[in-house]
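Engineer: Fold the following for me, if possible:
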Amino acid sequence: MFRTSGDPRPASRRRLAGLALFLFALAGCGDGRVHPAAAAESPGRLVTLPDGRHLNLRCSGHGAPTVLLESGFGADSTAWYKVQPTLARETQVCAYDRAGTGFSDLGPLPRDGGAIARDLDQALQAAGVKGPYILVGHSAGGLYVRLFAARRPGNVQGLILLDPTVERQAPRPVGDGLAGIRRRLLRCLAVAEASPQPPLTDPQWSGCISAKSGPQALKLALEPGTWRGQLSELDSIFGRTSEQVARSAPVLGDIPAYVITASETAAAAPSTPFGPPVSIWEIQHQQIAGLSRLGFQTTVISPHLVMIARPEVVIAAAREMIAAARTGRAPAPLPASETTAASGGDSPEQPFTFTNPFEIPATPSPFEFPK
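Structural biologist: The predicted model follows:
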């Protein structure tokens, strides 16, 4: 539940909320270091925004609706390397680098969700990438695509939220649960601001860059503005951004929504203290799905980076949304949660498939992932 001030709940429930916030620090953010180095060596299309800044778009494929891919915190457009090429065979697909990531210029502060959604909107207009759109957002990107949808509700035909961050007002003085990430960013900022700046081989850069970082990532790491922008984005997630998302909820009720929960994230969250144990993370995702009159939630066996660990899940969900948009029908409900259907183990027993109750079954099902 979104709260705007204080936290009058009993201590036990406050502890549960605190654990949920801590969960974000463990798994709620994207990882900008997880991407293939080759794809990060050159930009896609640098689009000029009204204020003169450039945002990097990576669009491929042809057709409508256009699928827009929004990465999690700290990640760039290359996070979708297992998803975009396949979907681009069927329609136009665009991923992009948010301001201060990849090949995009730094953006003015604050870097809250409203500013991020506005950047994307302006970039698409400048590039002539017209709707309708289907929006796919991972982690904190799930907040940003909802804000973009609120800007263009009549032009968005579906939302797919992958293990999305849950909007909330951080209780005070407990904090927002992001202290560990914030400390790392502050340390990286201090190293970038140092004069003279230590070489990239210096241990002080540990946690700021990785052995897989390409030339562009290393260039960004040297810029203090990179770390200031990430800090501003982080500090806004459970403040300004969450407030913006909460206000936008009434606008999104008619947009179909899929909310896909990662099993590892759900397992790390606290469970309900009554009845059969249910992850609070799953309950919160069910609440997000419930904001849409055609909203569905499911849990898949996966770590937080669903688009990398289970790309077929993302592809199947997007294909169903595309087919529904093209035929003017409602999208089928998501398959049952794999954590309920599977008997155990590290992988699902059956492929991620849809059963569409809105039309006579065809053979073979167009939404079944190839075996």
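Engineer: Tell me who's in contact with I160.
Structural biologist: For I160, the contacting residues are I134, L135, V136, G137, A257, Y258, I260, V314, A317, A318, M321, by Cβ atoms under 8 Å, 6 or more residues apart in numbering. To be clear about C-beta, it is placed using only N, CA and C from the backbone, and glycine gets the same treatment.
Engineer: Quick check: it is in a strand.
Structural biologist: Yes - per DSSP: H, G, I helix; E, B strand; the rest coil, I160 lies within a strand segment.
Engineer: could you give the mean pLDDT of the helix or strand T339 falls within?
Structural biologist: With elements taken from DSSP states H and E, the one containing T339 is helix 338-341. In this model, helix 338-341 has a mean pLDDT of 82.
Engineer: quick one: buried residues of it?
Structural biologist: E338, T339 (16 or more other Cβ atoms under 10 Å).
Engineer: Tell me which of the contacts of I160 fall in strands.
Structural biologist: Using DSSP state E, the members of these that fall in strands are I134, L135, V136, G137, A257, Y258, I260.
Engineer: Can I get the helix holding T339 in PDB, CA atoms only?
Structural biologist: The C-alpha atoms that make up helix 338-341 are tabulated as PDB, following Å, rounded to 0.1, in the frame of the first residue of the first chain:
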ATOM      1  CA  GLU A 338       5.300 -21.800 -11.800                       C
ATOM      2  CA  THR A 339       6.000 -21.900  -8.100                       C
ATOM      3  CA  THR A 340       2.600 -23.400  -7.600                       C
ATOM      4  CA  ALA A 341       2.500 -25.600 -10.700                       C
END
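Engineer: from the chain's centre, how far out does that helix sit?
Structural biologist: 23 Å (Cα atoms, centre = their mean, to the nearest Å).
Engineer: elements contacting it?
Structural biologist: Packing partners of helix 338-341 (3 or more Cβ pairs under 8 Å, 6 or more residues apart in numbering; DSSP states H and E): helix 263-268, strand 295-300.
Engineer: tell me the most buried of these?
Structural biologist: Mean neighbour count (mean count of other Cβ atoms under 10 Å) peaks for strand 295-300 among the helices and strands packed on helix 338-341, with a mean of 23.
Engineer: Now it: average pLDDT?
Structural biologist: 98.
Engineer: Same check on stretch 224-237?
Structural biologist: Averaging pLDDT along stretch 224-237 gives 98.
Engineer: Which stretches in the stretch 101-250 of the chain count as helices?
Structural biologist: Along the stretch 101-250 of the chain, counting by DSSP state H, counting those that start in this stretch, helices occupy 113-127, 141-151, 179-193, 215-221, 224-236, 242-248.
Engineer: Show residues contacting the fourth one.
Structural biologist: I take that to be helix 215-221. Here helix 215-221 makes contact (Cβ under 8 Å, 6+ apart) with 32-33, 40-41, 100-103, 188, 192, 200, 205, 208-209, 213, 226.
Engineer: hmm, back to that, of all the ones in strands among the contacts of I160, which comes closest to L334?
Structural biologist: L334 lies nearest to Y258 out of these, by Cβ to Cβ, at 5.7 Å.
Engineer: Now that closest one: closest residue in space, sequence neighbours ignored.
Structural biologist: I160 (4.7 Å; Cβ to Cβ, 6 or more residues apart in numbering).
Engineer: Quickly list what that neighbour is bridged to.
Structural biologist: Listed by DSSP bridges, the beta-bridge partners for I160 are V136, Y258.
Engineer: for the stretch 201-350 of the chain, which spans come out with low pLDDT?
Structural biologist: The stretch 201-350 of the chain contains residues with pLDDT under 70 at 341-350.
Engineer: on that earlier part again, buried subset of the contacts of helix 215-221?
Structural biologist: Among those, those scoring as buried are 32, 40, 100-103, 188, 192, 205, 208-209, 213, 226 (criterion: 16+ other Cβ under 10 Å).
Engineer: Need the max-distance pair from the residues you listed.
Structural biologist: Spatial extent of those (Cβ to Cβ) is set by the pair F103 and W205 at 20.9 Å.
Engineer: From what I see, A123 and H54 are in contact.
Structural biologist: No - the pair A123 and H54 fails to qualify as a contact (Cβ atoms under 8 Å) at a distance of 9.0 Å.
Engineer: Which neighbours do the two have in common?
Structural biologist: Common neighbours of A123 and H54 (Cβ under 8 Å, 6+ apart) are V47.
Engineer: Between those two, which has more neighbouring residues?
Structural biologist: Neighbour count, other Cβ atoms under 10 Å: between A123 and H54, A123 has more, with 25 against 18.
Engineer: which non-adjacent residue is nearest E233?
Structural biologist: R111 (4.2 Å).
Engineer: which ones are touching the one you found?
Structural biologist: A99, G100, G229, Q230, S232, E233, S236.
Engineer: And L143, by the same measure?
Structural biologist: G113, G137, P164, T165, E167, I237, T241, S242, V245 are the contacts of L143 under Cβ under 8 Å, 6+ apart.
Engineer: Pick out whichever of those sits closest to V278.
Structural biologist: Nearest member of these to V278, counting by Cβ to Cβ, is P164, at 17.8 Å.
Engineer: any idea how far the closest one is from I134?
Structural biologist: 15 Å (Cβ to Cβ, to the nearest Å).
Engineer: now swap in Q197 and tell me
Structural biologist: For Q197, the distance to I134 (Cβ to Cβ) stands at 43 Å.
Engineer: Kindly report the same for S195.
Structural biologist: From S195 to I134 the distance is 47 Å (Cβ to Cβ).
Engineer: These two: who's more crowded?
Structural biologist: Higher neighbour count among S195 and I134: I134, with 30 against 4, using other Cβ under 10 Å.
Engineer: Might you report the residue contacts of the closest residue to the more buried one other than its chain neighbours?
Structural biologist: Distances taken as Cβ to Cβ, 6+ apart put G158 closest to I134, at 4.3 Å, once the chain neighbours are dropped. By Cβ under 8 Å, 6+ apart, G158 lies in contact with P65, I134, L135, I255, P256, A257, Y258, M321, A324, A325, P331.
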